[in-house]
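J.: for reference, the sequence and a predicted model appear below.
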Amino acid sequence: MTQTLTRPLPLPTAETTHYWQAALDGRLKIQYCPACARHQFYPRRFCTQCLSQDIQWIQASGKGRVYTYTVCHVAAHPAFESRVPYVIGMIELEEGVRMLAGIVGPDVDRVAVGSPVEVCFERISDETALPMFRLVAADAPAA
Ligand SMILES: [Zn+2]
């Protein structure tokens with residue numbers, strides 16, 4: 001008997017629905033607080049620095065660097081067993097926030113702390129796309 005394993009899916013909340021909808025549209029959105037001029041991630045109802053509730057959504061550049069990473073040789077969930085080894089990284093975006101995401105691509109074995117990356121999206125269901133990151137050349141000209 002063959003068992004089809006489904007991966008765990010994000011469950012959007014009132015705070016994260018905008019983020020997930022943007023990801024489905026191929027855009028990486030983070031929050032910005034005009035009161036203290038800071039970005040924040042993950043999404044919350046208020047600014048964690050100044051407690052302002054006047055928080056805005058902005059489109060992030062999608063560019064950043066690998067702050068740290070790990071190579072997973074043991075799947076964290078049975079649905080990921082076909083992917084091992086896979087790379088999970090803490091990405092520091094140009095906007096200064098850090099986010100946990102998968103790092104993918106044919107050259108992912110060259111990942112290192114400080115590697116420049118850019119966002120890409122993996123559609124995992126009709127309703128969900130996951131922001132992921134791929135390596136970009138350090139000397140790549142600006143698009
Ligand atoms: Zn603030």
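T.: Sure, I can see it.
J.: which residue ranges form the strands in the chain?
T.: 29-33, 38-40, 56-59, 63-72, 86-93, 98-104, 116-123, 129-135 (DSSP state E).
J.: for Cys50, find the nearest of the ones you listed.
T.: strand 29-33 (6.5 Å; Cβ to Cβ). To be clear about C-beta, it is placed using only N, CA and C from the backbone, and glycine gets the same treatment.
J.: measure how that closest one sits relative to strand 129-135, angle-wise.
T.: 90 degrees (axes from the mean of the first three to the mean of the last three Cα atoms, to 10 degrees).
J.: packing partners for strand 29-33?
T.: Here strand 29-33 touches helix 17-24, strand 38-40, strand 56-59, going by 3 or more Cβ pairs under 8 Å, 6 or more residues apart in numbering; DSSP states H and E.
J.: partners of that strand, with directions?
T.: The pairing partners recorded for strand 29-33 under DSSP bridges are strand 38-40 (antiparallel), strand 56-59 (antiparallel).
J.: do the shortest one and the ion meet?
T.: Read it as strand 38-40. No. Figure legend: strand 38-40 not in contact with the ion (Cβ under 5 Å from the ion); closest approach 5.5 Å.
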